[in-house]
Every structure is written in C-alpha cells, then in structure tokens.
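A.B. asks: just the structure for this:
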Amino acid sequence: MISKSEGYIKNMELVGYHDLDGIMAFQTQIYKTAEGRYYLYCGSMKGIGFNIVDITDPANPQSIRYINCLDPQEYTYSSTPKLQICDDLMIIAVGNGLPMLHGPYPEGGFKPLGPLMIYSLKDDPENPRLLSSWEPGNSPGVHRFCFNGGRYVHLSCSCPGYEGYIYRILDIIDPASPVEVGRWWMDSQFQNSKTEEERAACSTHFGGVHCVYVLDDKAYISCMEKGFYVVDVSDVTQPKTLGHLEQHPPFSGKCAGARCHTFLPVIGTDFAVGTHEGERFFCQSDEMLSSGAQPLNTIVTIDVSNPADPTMVATFPYPEVPADFPFKNFNFCGLKRQGPFGPHNLHEPMTNKPWIENRIDRVYNCYFHAGMRVYDFSDPYNVKEIAYFIPPNPRKLYYEVEAPGPLLGSAEDCVVDDRGFIFMNTTHDGLYILRCLV
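C.D. replies: Here you go, the predicted model:
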C-alpha cells in the first residue's frame, strides 16, 4: 500500500493500490459476474496485452494474470491501450505506439499493423477466449472506440483512402465475423476529393476523429482539430451530420494532445461534457515550448438539447492547487516555460453497463499532473470541484525514452463501479483505488 502522505488528497480516501506487476495500464474496464465478482481489465500503453485484476475486495486487489494478445517479438512497436467490455464480450484494439512514450517511429513505418480483437468472458473471465480479430486495413489502426453492447461497435479508426482517423461502424451480430457496415468522415479527410497538391498538404493532417460515443441513435464525435459533431446513426449504413461545435481555435493546440479529446453525453440530461486534452510534462523540452504561450485546455459543458445546434454554455473550474504544493499552479509545474496543461480521460458511463456508476450529478476526470478530479455536475452551468487525489511523483519513467521535462505523477484513466469505488491508473506506478467522501 502506498501512503496517502506520498501524494495530495482532498475529500477522498485511498482504499487500495496495486503495482500491476510493473505493466502499466491505460484504459480500464470493469466486468461483474453473475456471482457478484468484480474484475478489472487493463489495456496497456506499452505492452501487447492486458492485465486481469480481481477487485471484488477493493482494499485487497488480486492480480490474476497478464495475457499477450499477439507475439510481442513480432509486434514490437504495437500496444493495446484501449478496450471495452459489455454483453460478456471484451474488445481490445492493437494500435501503434506514441513516439513520446515509445521512442521514434521505426524506420519504414509501422510493421506490422495490429487488429481489433474480440474475446468472450462468459465462460471463464479469468481466461478470456478469443473469438475473432478484424483488420482496419492501414496504419495506425483503431484508436478509441465505444461498445455499449448490442450489435455495433463504433470506432475511431484509420481507413485506406482517408487522412487520419475516421468513424467506422462494425456489426458484430456474429462476434466471430465482424463486418463494417457504415462510416463517417470530415470532407477534408477523403483523399480522392483532393488534388495531388492538396493530398501532399494533408500529409501532416492531425488526427481526425478521436472519440465516438453513441446514445439514442446519435453519435457524439470529437474531431481532434475540428471540434464536436452530433451525427444521426439511426441508419448505421448512412450516418448523417446533425450539428457541429467548433472548439479549436481558441482552445488547445501547439504542444497539447488531442485538441478535442472527448464529447461525452451525460445520460438522462440535455448536456454533454467536452474536453481539450493537455499533455504530459515529462515529454516537453524547452525547445518544444519555444512557440510561446500555450492555449487553454479545459473541460466544458455543452447543451445538446438541439442536436443541430450544440452550444458550449460553461467551463469547469481550474483544478485546486494544494496549499503545500511545490508549484504556484499546474501550468508551469517544474517547466521553464508554460506547458500544455489540461485534462485527459473521463469516467464514461453507458446505459448497458450497470456495474459502473452512472450519476448525472458527478463527473470524474484524470487531469494528468493535477491528478484525479471529482466534480459536482448537479448544476451544469456552475460546476464545482469537490475532491482530488494527486499521485506521488515517479523516481524514473516506466518508458525507455528521454524525459526532458520534470518527472511528475500523472493520472491517465479512470472507471467508477456501482459501489462508488474509483479505479485510477497512472503513467508510472500502477493502480490506485479511491473513494470520494462527499
């Protein structure tokens, strides 16, 4: 157990901790069996597999095993950061690594490309059974995706003939034979619509579709450099744009991550939460930051009552700085210049996952170096921060890359179960299990 005194905490308690056997997690998902056992499945930003942890007793998490999805000697630059669980199925994406964490891209590009893989948890959740894999067709493959059970998986995914990630829809009515049935993209992404000169200019196209969440036949899509879109998917074979909210500029940019990271509808309300990703400071050199002031990265409230007119109506407050924190704020936080400070992953409630918390008055965010932040969302126009936990700083990086910036604790991803326990992982030292006290 890691002592509370090694980090900073307010209105939360540290219930449990696990080092995940030294294999750092990224996106995590919970699975609850009919017998009432809770399992946490952890994708890996560096590895080519997933951890299984029994979290039935949150104070005493038990590592079950780590399973490689593919041969790590063959897929040397691939990782498995994203996964989703519903309907007794676990879906995990094998993608390509990030230079900031894995080092420079290999000479000649990504080799080989990894698939989307579908496992069954039904018979033995401690030994998932591989049902199928689906090849996206080109690098870098599947990034993030939404699976809320049922027939369709909604992907942020590369696709031959397009720049960056587009939105692709898989039909898994037969999980052993997934089939693409629909796709959506921004006009600027379709290569055949461009001249050779325009295609060359798009060779540095930043990202495209980052996240997709589907609720009530509407897809809420965050496009990294083009804002938030609401798309009608009542006919999955012909998605149709309903509305668009531009966000960049003024938000995000320069040294930050995905300009528009997440567009998450708050179930049971007319609101959604949008995020502009910050970035890890240990990746930032003084030379990288020489472009000057970094744009604001933040969390915003978006009114989606009219899908044709999504409207930003509020911003979340700046994360509270602890009284004894060694820096005045989080924007500099050990850097010589202002860094790209901002939020990262949200807890993501979905309608068909009753084992995870779904409260319309709570928002949870891993705010990179500002740690785990908990917000009262009962008034979407006046959101209040009510609790936080900042993990301790690492002594060294888990990743074998140069760290020009300061070694700071970094909250990466979180999921909250139906008992109220918060499972938060970090870039550097494993899994923290927390509970909010307010």
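A.B. asks: show the pLDDT at the residue nearest the centre of the chain.
C.D. replies: Centroid-nearest residue in the chain, with Cα atoms, centre = their mean: N345, separated by 4.7 Å. In this model, N345 is scored at 97, pLDDT.
A.B. asks: and C436, bridged to which residues?
C.D. replies: M12 (DSSP bridges).
A.B. asks: got a list of what it touches?
C.D. replies: Taking Cβ atoms under 8 Å, 6 or more residues apart in numbering, we find C436 in contact with 11-12, 374, 386-387, 420, 422. All C-beta spots, glycine's among them, are computed from the backbone N, C-alpha and C.
A.B. asks: among those, which ones are buried?
C.D. replies: Buried members of the contacts of C436, counted by 16 or more other Cβ atoms under 10 Å: 12, 374, 386-387, 422.
A.B. asks: from the residues you listed, which land in strands?
C.D. replies: Secondary structure from DSSP state E places 12, 374, 386-387, 422 of these in strands.
A.B. asks: and the residues you listed, which is closest to I52?
C.D. replies: Nearest to I52 among these, counting by Cβ to Cβ, is I422 at 19.2 Å.
A.B. asks: could I get the contacting residues of that closest one?
C.D. replies: For I422, the contact set (Cβ under 8 Å, 6+ apart) comprises 12, 347, 364, 372, 374, 414-416, 433-436.
A.B. asks: quick check: chain neighbours aside, which residue is closest to it?
C.D. replies: L434 (4.3 Å; Cβ to Cβ, 6 or more residues apart in numbering).
A.B. asks: how about G95?
C.D. replies: G141 (4.7 Å).
A.B. asks: just give me the neighbour total for that neighbour.
C.D. replies: 22 (other Cβ atoms under 10 Å).
A.B. asks: tell me the pLDDT at it?
C.D. replies: Confidence for G141, expressed as pLDDT, is 88.
A.B. asks: for G95, same thing?
C.D. replies: Per-residue pLDDT puts G95 at 83.
A.B. asks: M45 too?
C.D. replies: Reading off the model, M45 has pLDDT 85.
A.B. asks: surely it meets F26?
C.D. replies: Yes - at 4.3 Å, M45 counts as touching F26 under the criterion of Cβ atoms under 8 Å.
A.B. asks: overlap in contacts of the two?
C.D. replies: Common contacts of M45 and F26, defined by Cβ under 8 Å, 6+ apart, comprise 79, 81, 412.
A.B. asks: pLDDT and distance to V181 for the buried ones among the contacts of C436 - can I get that in a markdown table?
C.D. replies: Formatted as a markdown table, those follow (pLDDT from 0 to 100; distance: Cβ to Cβ, whole Å):
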| residue | pLDDT | distance to V181 |
| --- | --- | --- |
| M12 | 97 | 43 |
| V374 | 98 | 38 |
| I386 | 98 | 42 |
| A387 | 98 | 42 |
| I422 | 98 | 36 |
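A.B. asks: what secondary structure does V313 sit in?
C.D. replies: strand (DSSP: H, G, I helix; E, B strand; the rest coil).
A.B. asks: contact partners for it?
C.D. replies: 301-303, 380-381.
A.B. asks: if we can go back for a sec, just the shared contacts of M45 and F26: which are in strands?
C.D. replies: Among the shared contacts of M45 and F26, the members found in strands (DSSP E) are 79, 81, 412.
A.B. asks: one step back: thought the residue nearest to G95 was touching C159?
C.D. replies: No - contact criterion Cβ under 8 Å: G141 and C159 do not qualify, at 10.1 Å.
A.B. asks: lowest-confidence helix or strand of this protein?
C.D. replies: Ranked by mean pLDDT, DSSP states H and E, the helix or strand of the chain with the weakest confidence is helix 196-201, at a mean of 60.
A.B. asks: which residues touch the residue lying closest to K46 once chain neighbours are set aside?
C.D. replies: Counting by Cβ to Cβ, 6+ apart, K46 lies nearest to S79, which is 5.7 Å off, once chain neighbours are set aside. S79 is in contact with 26, 44-48, 94-97, 102, counting by Cβ under 8 Å, 6+ apart.
A.B. asks: from the residues you listed, which ones fall inside strands?
C.D. replies: Within the contacts of S79, residues falling in strands by DSSP E are 26, 44, 94-96.
A.B. asks: the residue nearest to K46 and F26: what is the separation?
C.D. replies: Plainly put, S79 is 8 Å away from F26 if you go by Cβ to Cβ, to the nearest Å.
A.B. asks: which residues are common contacts for these two?
C.D. replies: Among the neighbours of S79, those also in contact with F26 (Cβ under 8 Å, 6+ apart) are 44-45.
A.B. asks: span of stretch 268-287 from start to end?
C.D. replies: With Cα to Cα, to the nearest Å as the measure, stretch 268-287 spans 46 Å from end to end.
A.B. asks: for Y31, state which of the ones in strands among the buried ones among the contacts of C436 is nearest.
C.D. replies: Ranked by distance to Y31 (Cβ to Cβ), those are led by I422 at 16.9 Å.
A.B. asks: in the sheet, who's paired with that closest one?
C.D. replies: Bridge pairing for I422 (DSSP bridges) gives the partners V416, L434.
A.B. asks: same question for Y213.
C.D. replies: Counting by DSSP bridges, Y213 forms beta bridges with Y220.
A.B. asks: H261 is in contact with that one, correct?
C.D. replies: No - contact criterion Cβ under 8 Å: Y213 and H261 do not qualify, at 12.0 Å.
A.B. asks: return the residues in contact with the residue nearest to I422.
C.D. replies: Taking Cβ under 8 Å, 6+ apart, we find L434 in contact with 12-15, 372, 389, 421-422, 424.
A.B. asks: make it 6 Å
C.D. replies: 12, 14, 389, 422 (Cβ atoms under 6 Å, 6 or more residues apart in numbering).
A.B. asks: so how many other residues sit close to the third one?
C.D. replies: The local packing of F389 (other Cβ under 10 Å) involves 24 other residues.
A.B. asks: distance check, it against K328.
C.D. replies: On the measure of Cβ to Cβ, F389 and K328 end up 20 Å apart.
A.B. asks: again, but for the first one
C.D. replies: Here the distance between M12 and K328 works out to 23 Å (Cβ to Cβ).
A.B. asks: ok so, going back, residue contacts, the residue nearest to the centre of the chain?
C.D. replies: Counting by Cβ under 6 Å, 6+ apart, N345 has contacts 366, 413.
A.B. asks: related to what we said a few turns ago, and which of the contacts of L434 is nearest P239?
C.D. replies: Distance to P239 across the contacts of L434 (Cβ to Cβ) is lowest for I422, with 33.7 Å.
A.B. asks: returning to that earlier point: and the ones in strands among the buried ones among the contacts of C436, which two are furthest apart?
C.D. replies: I386 and I422, at 12.8 Å, using Cβ to Cβ across those.
A.B. asks: would you map the helices across the chain?
C.D. replies: 99-102, 196-201 (DSSP state H).
A.B. asks: rewinding a little: quick one: which of M45 and F26 has more around it?
C.D. replies: M45 (24 against 21).
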